[in-house]
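Participant: I'll drop the sequence and a predicted model, then ask my questions.
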Amino acid sequence: MAGGTRMTREKNSQNDNGSRGDDSHIWGTVGVVVGGVLAFKVLSAMGVRENEDLTLVEITTAVALLFGPVYVLTTAGKQLSKDVEVGKSTNATYWTTMAGLSVSALTLAGVTSIDDLIGLIK
């Protein structure tokens, strides 16, 4: 019985500070939303219209704005995940930090509610 209790405690502590799954798809999705909003707003400000051909500068700008936030958020998530794996941080800190980064990125892009996204789609 004591061995089972010890094993349960070890498993619980591993869940608190140990290995975790790969959450990069979550941060990649948030990054695509942020990048898409940024690309749309910047291209719109550059005067790009719906049925016009894009120049090389406009295409490069759109790609950089679309994938820049994806890279930044997934890299931050991987680094924080490594900190959790080696015991420098907890899962709670990981999720709090990544949620804070995601909300900040969305807010800086001008998305404060789902209505903002719907307005951009229209």
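Facilitator: Yep, that arrived.
Participant: Could I get the pLDDT score of Q14?
Facilitator: Q14 carries a pLDDT value of 46.
Participant: got the contact list for the most centrally placed residue in the chain?
Facilitator: Geometric centre of the chain, nearest residue: W27, 2.7 Å, by Cα atoms, centre = their mean. With contacts defined as Cβ atoms under 8 Å, 6 or more residues apart in numbering, W27 is in contact with 70, 73-74, 76-77, 98, 102. No exception for glycine: its C-beta is placed from N, CA and C like everyone else's.
Participant: what are the phi and psi angles of D23?
Facilitator: Note on D23: its backbone torsions stand at phi -100, psi 10 [degrees, to the nearest 10].
Participant: so how far is V84 from it?
Facilitator: For D23, the distance to V84 equals 10 Å [Cβ to Cβ, to the nearest Å].
Participant: More neighbours: the two, which one.
Facilitator: V84 (20 against 16; other Cβ atoms under 10 Å).
Participant: Around the spatially closest residue to that one that is not a sequence neighbour, count how many other residues there are.
Facilitator: Nearest non-adjacent residue to V84, counting by Cβ to Cβ, 6 or more residues apart in numbering: Y94, 5.1 Å away. Look at Y94: counted by other Cβ under 10 Å, it has 17 neighbours.
Participant: helix or strand right after the lowest-mean-pLDDT helix or strand in the chain?
Facilitator: Ranking every helix and strand in the chain by mean pLDDT, DSSP states H and E puts helix 2-17 at the bottom, with a mean of 45. Toward the C-terminus, helix 2-17 is succeeded by helix 24-45 as the next helix or strand (DSSP states H and E).
Participant: Quick one: mean pLDDT for the longest helix belonging to the chain?
Facilitator: The longest helix of the chain (DSSP state H) is helix 56-85. For helix 56-85, mean pLDDT rounds to 93.
Participant: just stretch 23-43 next, same as before
Facilitator: Mean predicted lDDT for stretch 23-43 stands at 91.
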